[in-house]
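S.K.: curious how this folds, go ahead:
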Amino acid sequence: MSTLTHLECPECGRIFDPEQPQTFCPDCESPLLARYDLTAAAVSLSPEIMASRPRGLWRWHEILPVRDAAHRYTLGEGDTPLLPTPRLAERLGVQHLWVKDEAQNPTGTFKARGLVMAVSRAVELGLREFVIPTAGNAGGALAAYAARAGAKAHVFMPKDAPMVNKAEVQAAGADLVLVDGLISDAGRLAAQEAQKHGWWSVSTFKEPYRVEGKKTMGLEIAEAFGWQLPDVIFYPTGGGTGLVGMWKAFDELEALGWIGPKRPRLVSVQAEGCAPIVRAFHEGAERARPWENARTIAAGLRVPSVFADRLILRALRETQGTAVAVSDEEILAAQHQLASLEGIFAAPEGAATLAGLQRLLRQGWIQPDEKIVLFNTGSGLKYVNL
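M.R.: Take a look at the predicted model:
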């Protein structure tokens with residue numbers, strides 16, 4: 001059983017009932033975070049028990065929000081490989097380098113983790129029709145999991161999103177609406193239509209459960225390193241759900257007694273053409289201003305306005321991490337390098353993490369003997385023009 005107890009606003013501490021559909025804190029305009037009875041969870045959980053369970057995201061069900069096993073929908077997501085990259089490490093002059101390859105999730109990206117959780121919990125709460133604004137991959141994941149759950153999905157996507165994203169949404173039977181502009185423009189139209197028709201929005205951080213699916217990336221990292229966390233994690237940041245999710249996962253694991261207080265330095269990687277978190281971090285700001293005229297080849301990084309900016313910036317600062325922006329040219333070069341040296345055909349967003357690592361190595365921010373993890377968030381095949 002899930003040990004979910006309540007939802008909490010991390011800004012004001014207000015408590016929300018998890019047995020009712022919830023969005024975000026209306027007073028703070030902040031995402032809500034799920035809280036668990038970790039003392040109770042620790043009674044029945046141990047690293048050995050987790051290792052013995054069938055592989056997949058749902059083996060962590062005590063610290064996930066879905067209560068009824070009948071609503072734990074799955075397409076086989078989670079437990080993606082942590083790949084050592086010795087040739088790449090040698091080329092860069094570092095000793096310990098891994099890629100967490102999220103391309104091997106259903107629908108080819110890490111979005112599967114968040115959307116399976118959001119859909120599963122929403123269906124458990126009685127919701128059956130969903131809407132999402134997306135740069136592409138989240139829309140494909142919503143369409144797939146809505147189909148799996150027998151629900152209906154409406155996907156609002158920029159017209160210039162990758163063709164594969166459009167095709168997978170339509171193949172799964174979802175309603176696809178193409179929008180002139182960016183994901184922010186899609187978000188405004190999706191919100192209007194959701195209010196008009198009563199659809200449930202699973203937009204990034206506008207409901208509390210996508211982050212719970214994404215936190216399983218952090219749980220898997222901790223397990224893979226024998227409950228001794230790596231030194232640095234590079235994460236490509238659009239909406240930042242996975243970065244906040246991993247930060248949350250590490251706190252929960254410490255409360256369970258499975259890890260100590262040491263945390264990886266979290267690094268947010270964005271594109272130079274859309275870097276609101278990078279700008280806010282280096283300005284010392286608590287909020288990230290919307291980015292004007294956002295443009296980059298990495299569709300998932302083209303998120304000009306970040307709803308969870310306070311949480312992302314807090315995670316970076318509390319872990320002594322940083323934020324770095326890279327050019328599209330660096331992203332393309334890193335994509336080629338990953339594929340030619342290690343056989344990993346990364347999405348542009350994933351390749352951006354390697355470009356970010358190279359920049360920070362040049363600056364001396366990374367030491368050669370540190371344990372470094374790069375997140376490849378999706379398959380490069382999804383960006384091939386049909």
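
S.K.: wait, P133 touches L182, no?
M.R.: No. Contact criterion Cβ atoms under 8 Å: P133 and L182 do not qualify, at 9.6 Å. All C-beta spots, glycine's among them, are computed from the backbone N, C-alpha and C.

S.K.: which of the two has more neighbours?
M.R.: The neighbour count for P133 versus L182, taken as other Cβ atoms under 10 Å, is higher for P133 (29 against 22).

S.K.: state the phi and psi torsions of the more buried one.
M.R.: Here is the backbone geometry of P133 (degrees, to the nearest 10): phi -90, psi 140.

S.K.: try R148
M.R.: phi -60, psi -40.

S.K.: give the contact list for E223.
M.R.: Neighbour list for E223: 47, 50-51 [criterion: Cβ atoms under 8 Å, 6 or more residues apart in numbering].

S.K.: pretty sure it is in a helix, no?
M.R.: Yes. Assessed by DSSP: H, G, I helix; E, B strand; the rest coil, E223 belongs to a helix.

S.K.: quick one: buried residues of stretch 221-231?
M.R.: Judged by neighbour count using 16 or more other Cβ atoms under 10 Å, the buried positions of stretch 221-231 are 221-225, 229-231.

S.K.: that stretch: how far from the chain's middle?
M.R.: Centroid separation for stretch 221-231 versus its chain: 18 Å, with Cα atoms, centre = their mean, to the nearest Å.

S.K.: gap between the residue nearest to N385 when sequence neighbours are not counted and L381?
M.R.: In space, and not counting its chain neighbours, N385 is closest to M163: 6.2 Å by Cβ to Cβ, 6 or more residues apart in numbering. Going from M163 to L381 by Cβ to Cβ, to the nearest Å gives 12 Å.

S.K.: before we move on, what about A151?
M.R.: Relative to L381, A151 is positioned 27 Å away (Cβ to Cβ).

S.K.: of all the buried residues of stretch 221-231, which two lie farthest apart?
M.R.: E223 and D231 (17.0 Å; Cβ to Cβ).

S.K.: mind checking the pLDDT average for stretch 51-70?
M.R.: Across stretch 51-70, pLDDT averages out at 97.

S.K.: what does stretch 181-197 give?
M.R.: On average, stretch 181-197 scores 93.

S.K.: buried residues in that stretch?
M.R.: Neighbour count says stretch 181-197 has 182-184, 186-187, 189-191, 193-194 buried, by 16+ other Cβ under 10 Å.
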